[in-house]
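Engineer: what's the 3D shape of this:
(2 chains)
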Amino acid sequence: MKPKLFFNANRLRRLLILVYAAGALIAWQLINIQVVSHKKYMEAAEQNRTQTIYQTAPRGRIFTADNIVIAGNLPSFSLYYIPRNRGVTREYAENLSSDIAQYLPFSKEDISKKINVALKSGKDALLGENVSPPKMFAVSEIRMYYPELYIVEETKRYYPFGSFASHLLGYVGTIDNKFWNTRNVKKDYRLNSKIGKNGIEQRYEGDLKGRDGELILEVDSVGRAKRRIRDNKWRAGSDIYTTLNFSVQQTAQTALNRSLSGKGAVVVLNPKNGAVLALASSPDFDPNIFVPYSDEETPHSQRTEIAEYNLAVQGMYPPASPFKIITAIAAAQTGRLNIEEEINCTGKIHMSGREFKDWKAHGEHIDFMKGMAESCDVYFYNLGTKTGAAHIERIERLFRLGRRTGIDLPFEKSGNIFGPSKRARSKTYWFGGDTLNLSIGQGELLVTPIQMAVFAAALASKGKIWKPYYIERIVSSGGKTTFEAEPYLISQVDLKDGVYDLIWQSLKNVVDNGTGRVAKIKDIDVYGKTGSAQNPHGDDHGWFIAYAAKNGGSPDLALAVLVAHGKGGAGAAAPIAREIIKSYYGIE
Amino acid sequence: MFITPSKQIIKRRNIDYALLSIIVVLSCIGFLTVISAVSGLSFGQEIIKKYLIAIPLAAAAFIFGWLFNYQIYNEQWKGVYVFILLFLCSLFFAGVVTRGSNSWFKFGFVSIQPSEICRIATILVAAAFLTRSYRSVKEFKTLIFFTLIVAPIFLLIMLQPDFSSLVITAPALMILLYIAGVNIFYFVLLALFIISSCGFLTAWTFIALNPYIIESSGLMYIIWQTGHNLIYILGFCVFVLALCWFVWLILRQFRIYVPSIFLFIVAATLLVGFFSGLVIDRHLKNYQRKRIEAFLEPMSDPKGAGYNVLQARIAMGSGGVLGKGFFSGTQSRLGFIPERHTDFILAVLGEELGLLGTIGVLILYILLLWRTISVAAMSVDRYGYLVCCGIFGIFFTYMAVNFGMLIGFVPVAGIPLPFISYGGSNLVASMWAFGIVESVYRHRLSMV
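Structural biologist: Numbering: from 1, shown residues only, chains lettered A, B, ... in the order given. Next up, the predicted model:
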């Protein structure tokens, strides 16, 4: 064999090493891509491949205790344009947009712009959202000529009774950034999703939402739909049954709206378990304005300036005369109440050089029953001074005035506790005049209407302080009860024997013979106390707290009515209470 | 590593069955993948038809290369050289311009890409030249002559312009020179040239993509200024000369006496590289710059230049280990992979057959290259040896660039993967090339 001088084995070997090294490098990177990052790329491929059109699930309905739907759904439609794999001429697109513009309340230019974007990008375009059924039927007729149009049936929130319990129900609106971060944990919200914004709608969003339907289409690289892969039907949200009594709530709202100032709050509780029978705050709003059909006009201002402020849990007022019950209880509890003792009311009292006025001069021979019935301030000035502010504050704290009731509503205010120990804690002095103010419920003491209702319920149930609740049960769309309310007893206020009976007697007397005469109803025992909270900025606020029972029975409802700037409890608040009690017992 | 002639058991076999079977298996995989890739395309039928025409032609080319004694190319190398030049020149008269590049002949239904055949022929010519000058191969003048010989071919290729031929042929010729025994020093110079030209080019593109980096890094600021400020350019020249001089001084301290001419050459190479980088930077076409940008940061523009690479990688990655099965790759069927039957065929393969497919093809390719080297080692003469190494160089470059492009090591270059990608001319030329390798094998024992 010829000697091979041309042969350089080393360089040849290095070449092969180069091949193996390159091969190893490539293999390593291939494994990286195809095995290590497989999942990531798989998802990317899936996302490339599919396009999803969502179908909003109907929100769960909300019922009153007597099974009346107060928040339901109406059919609503969305119109999509899905570009298809076929040539679309400019003329065709123009015709399409002008045909749609005939039926939908959008301008032809807007629609043709959307269609052009869709054609260019290949992605689907949402031409119209929340379209009402009649308009959509019209569009569905022209759909025959334009197969690219796609109608998605959805639902929209509807409140059949408008402003009925609007503060309790809340409303729904388009999701905003704040909710986007906190709510979208399960990634089941989209940028145009509707979300509960207040009240039950917000608090029970997770139950009400349900699962949106998805129509999954396979698309090619330019986004044109090739075929339908999957159609996941939506699942409706859970139904919520509230404890509200339809007629009581209705009556409360109409009465409040008709009242002198049109501003106020009513809370009606069941003293046996703390269930909210009605919770009304006026002025109220119609939550339907947030979810209009696209062809309905709602002025923007109407949507931004809603009366979202819930006076029933957020309004803080001095309790005024109903607080005299506390003073009386404190006196009786410490044995300083002699119901036969009579005083002479001259309409004012002097204390440390200041004059404290009564709302009128009641004259001579004012005993406890009369003092309560006529709401004589001078009587309670005396009684309060005799009892001592510390004892009054103790009873005030026992009945949890000036503290949150714990009702499941956002932004509940606590009010303000008033008394010597509170003063001592803030390192200021307690004066004799403060005792006088405290005895008649004026001064720095602030309470919310729901606290007064809880107080009334506590009197009616002889000391049981229930946590107010308004959700009876939640039933999933499959019919399973997922939540059942359990009444929660916060505390039990035990008083000396006969004190509750005495208070009941005096409150009955207020309605039968005293300032609360307006609330007197035949065959019904109504116990109540009026009040007029002095307001330095305008007319006095009118209070009326009451509870009522069928003759001889135990009380069935306890309520607190506040009419802001209503001038007085007897004139403004008591008539509302009367209507509410009548509607509860079904008396015409 | 490879079978050296001394260990070779002499068997009178005329054909290397291992090499042939590797080629057949690769071609079968390629054929199936192409069918799967084009099945969704509107012109898919046409492509398959053309493929079916190309197969017998390719077989004929293989048999032609195998039966013909490869020595004929050596003897008639001037003829082959003239043939290449004429073939490439004729493109300017009879060629068809597609996508801005004049590199196709069209004969009715069939179109032919002469540059595919010319790549192989160039190797034949270069090998013939290096065979002749192997006594003087370490001298500089041989390199000069070599450059003068291949320069006209490269000029014609650049006039078409056919970027992919350039990318394939140049590294193959380098490998050929290395195997032929050219002094390592020249490769060092070449490496320095490439580093200084491409290095600055890449750095400038990178800075253009991330302008904020100038503020945070002083070095980046200097590099950027070096490309755009005359004072800095002059400063850079002085710096390079000073550096070389400094290195020379240090080497002398260690009693290593390097002729100063070498350091001048190094300095000159660095500077020439730098200036050519500067010139390329000014004259780079927009789409070429986009490709470099996409290579540096594929995610910077996922809908634009980076789109192809990204989608191809998604396709491969989504295939996983076993793939989605033939005809079921969503990325390829729905048109996310560009050039799915040619340059990006591996992405289709990776999606439908998974890691099994890609690694399989990779291993087959490595085997193919190993066999080619083995045949080179068996060759009876220097010419056969060099031809095999040149062909090895071509196919190694194909593999490196095509795989490298998909896994993000190399910018998108538009290079097919022979035997796997669709391409009639490419298949015929590749089969011819391996026919020649088989011919070297056939004549491994005697010249006859």
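Engineer: residue in chain B nearest to chain A?
Structural biologist: Per CB to the nearest CB, B:Gly317 is where chain B lies closest to chain A, at 2.5 Å. (Glycine included, C-beta is placed from N, CA and C.)
Engineer: Just give the nearest non-adjacent residue to B:Ala315, would you?
Structural biologist: Leaving aside its sequence neighbours, B:Ala315 sits nearest to B:Gln331 (CB to CB, 6 or more residues apart in numbering or on different chains; 3.6 Å).
Engineer: That neighbour and B:Leu417: what is the separation?
Structural biologist: 18 Å (CB to CB, to the nearest Å).
Engineer: and these two? which has more neighbours close in?
Structural biologist: B:Gln331 (30 against 26; other CB atoms under 10 Å in any protein chain shown).
Engineer: I'd assumed B:Gly317 was in contact with the more buried one.
Structural biologist: No. When contacts are counted by CB atoms under 8 Å, B:Gln331 is not listed as touching B:Gly317 (9.6 Å).
Engineer: B:Arg13: how many residues sit nearby?
Structural biologist: Neighbours of B:Arg13 (other CB under 10 Å): 10.
Engineer: Ok, B:Asn183 next?
Structural biologist: Neighbour number of B:Asn183 under other CB under 10 Å is 15.
Engineer: From what I see, it and B:Thr142 are in contact.
Structural biologist: No. B:Asn183 is beyond contact range of B:Thr142, at 9.8 Å (criterion: CB under 8 Å).
Engineer: Contact residues of the stretch 451-588 of chain A facing chain B?
Structural biologist: Within the stretch 451-588 of chain A, no position is near chain B by CB under 8 Å from any CB of the partner chain.
Engineer: As a check, name the ranges of all helices in the stretch 251-400 of chain B.
Structural biologist: B:260-283, B:286-296, B:307-319, B:330-333, B:345-378, B:382-407 (DSSP state H, counting those that start in this stretch).
Engineer: buried ones in the second one?
Structural biologist: So that's helix B:286-296. B:Lys290, B:Arg291, B:Ile292, B:Glu293, B:Ala294, B:Phe295, B:Leu296 (16 or more other CB atoms under 10 Å in any protein chain shown).
Engineer: Could you find the closest non-adjacent residue to B:Gly273?
Structural biologist: B:Ser196 (3.4 Å).
Engineer: Can you report how many residues lie near residue 382?
Structural biologist: Here I'm looking at chain A. Other residues close to A:Asn382 by other CB under 10 Å number 20.
Engineer: oops, chain B please
Structural biologist: So B:Arg382, with other CB under 10 Å, has 19 neighbours.
Engineer: what sits against B:Leu278?
Structural biologist: Listed by CB atoms under 8 Å, 6 or more residues apart in numbering or on different chains, the contact set of B:Leu278 reads B:Phe200, B:Gly227, B:Ile233.
Engineer: Domain-wise, how is chain A divided?
Structural biologist: Per the record, chain A has its domains at A:51-242, A:278-299+A:310-585, by automatic domain parsing.
Engineer: so which of those is the most packed in?
Structural biologist: Most buried of those by mean neighbour count (mean count of other CB atoms under 10 Å in any protein chain shown) is domain A:278-299+A:310-585; its value is a mean of 20.
Engineer: end-to-end on that domain?
Structural biologist: End-to-end distance of domain A:278-299+A:310-585 (CA to CA, to the nearest Å): 14 Å.
Engineer: Same list (the buried residues of helix B:286-296) but as CSV, adding distance to chain A.
Structural biologist: What follows is the buried residues of helix B:286-296, written out as CSV (distance: CB to the nearest CB, whole Å):
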residue, distance to chain A
B:Lys290, 19
B:Arg291, 19
B:Ile292, 20
B:Glu293, 21
B:Ala294, 17
B:Phe295, 14
B:Leu296, 17
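Engineer: Farthest pair within these?
Structural biologist: Farthest apart among the buried residues of helix B:286-296 by CB to CB are B:Lys290 and B:Leu296. That separation is 10.8 Å.
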